[in-house]
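Undergrad: Need coordinates for the below:
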Amino acid sequence: MDKGGQTSAKCAVVYDGQCAVCQTFYGWASSKDSQGRLGFTPVQAEGLAGAAPQVDRARAMQALAFVRPDGTVVYGARAMFLTMGRLAGLWGLIGRVMAWPPLSLLAEPAYRLLARHRHRFAGLVSSR
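TA: Model (predicted):
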């Protein structure tokens, strides 16, 4: 375990590689992953079946997927917060707090709404 009480094993994050919002989250999170705790794979990648066979592709096209070192998969808002929780510093702390099931369950409706309409936000995030 490391100082943050987390194992150092890498977790997989599967995102929609054709979605500007998802790509922006990937770029942001990977730039903050100074300790290399995350491995990112677009759901469209040919190697996904070998890298994360337990991920349901259809479900991962609708919501971010987080694969724990033990192979369990979490989707949606909790996956986003678990991803953030693997980051160092304040973002990691925010992610670990928000990944707590009651809080992530409260965030899920907003996550689903954003995920359903994420292509409408493409111009906002890709113009940055």
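
Undergrad: Just the element for residue 111, please.
TA: According to DSSP states H and E, residue 111 maps onto helix 101-116.

Undergrad: So what touches that helix?
TA: Helix 101-116 has contacts (Cβ atoms under 8 Å, 6 or more residues apart in numbering) with 21, 62-63, 76-78, 80-81, 97-98, 121. In short, each C-beta sits where N, CA and C put it, glycine included.

Undergrad: Only alpha carbons, please: show that helix as CSV.
TA: Below are the C-alpha coordinates for helix 101-116, written out as CSV (Å, rounded to 0.1, in the frame of the first residue of the first chain):
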residue,chain,number,x,y,z
PRO,A,101,-21.4,4.9,-2.6
PRO,A,102,-24.0,7.3,-1.1
LEU,A,103,-22.3,10.3,-2.8
SER,A,104,-21.6,8.6,-6.1
LEU,A,105,-25.2,7.3,-6.2
LEU,A,106,-26.4,10.9,-5.8
ALA,A,107,-24.1,12.0,-8.6
GLU,A,108,-25.2,9.2,-11.0
PRO,A,109,-28.3,11.0,-12.4
ALA,A,110,-26.3,14.1,-13.4
TYR,A,111,-23.6,11.8,-14.8
ARG,A,112,-26.1,9.9,-16.9
LEU,A,113,-27.7,13.1,-18.2
LEU,A,114,-24.3,14.5,-19.2
ALA,A,115,-23.3,11.1,-20.7
ARG,A,116,-26.5,10.9,-22.7
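
Undergrad: So for it, mean pLDDT?
TA: Model confidence over helix 101-116, given as mean pLDDT, is 95.

Undergrad: Could you tell me whether residue 12 really is in a strand?
TA: Yes: under DSSP: H, G, I helix; E, B strand; the rest coil, residue 12 falls within a strand.

Undergrad: check contacts around it.
TA: The neighbourhood of residue 12, defined by Cβ under 8 Å, 6+ apart, consists of 38-41, 51-52, 55, 65-67.
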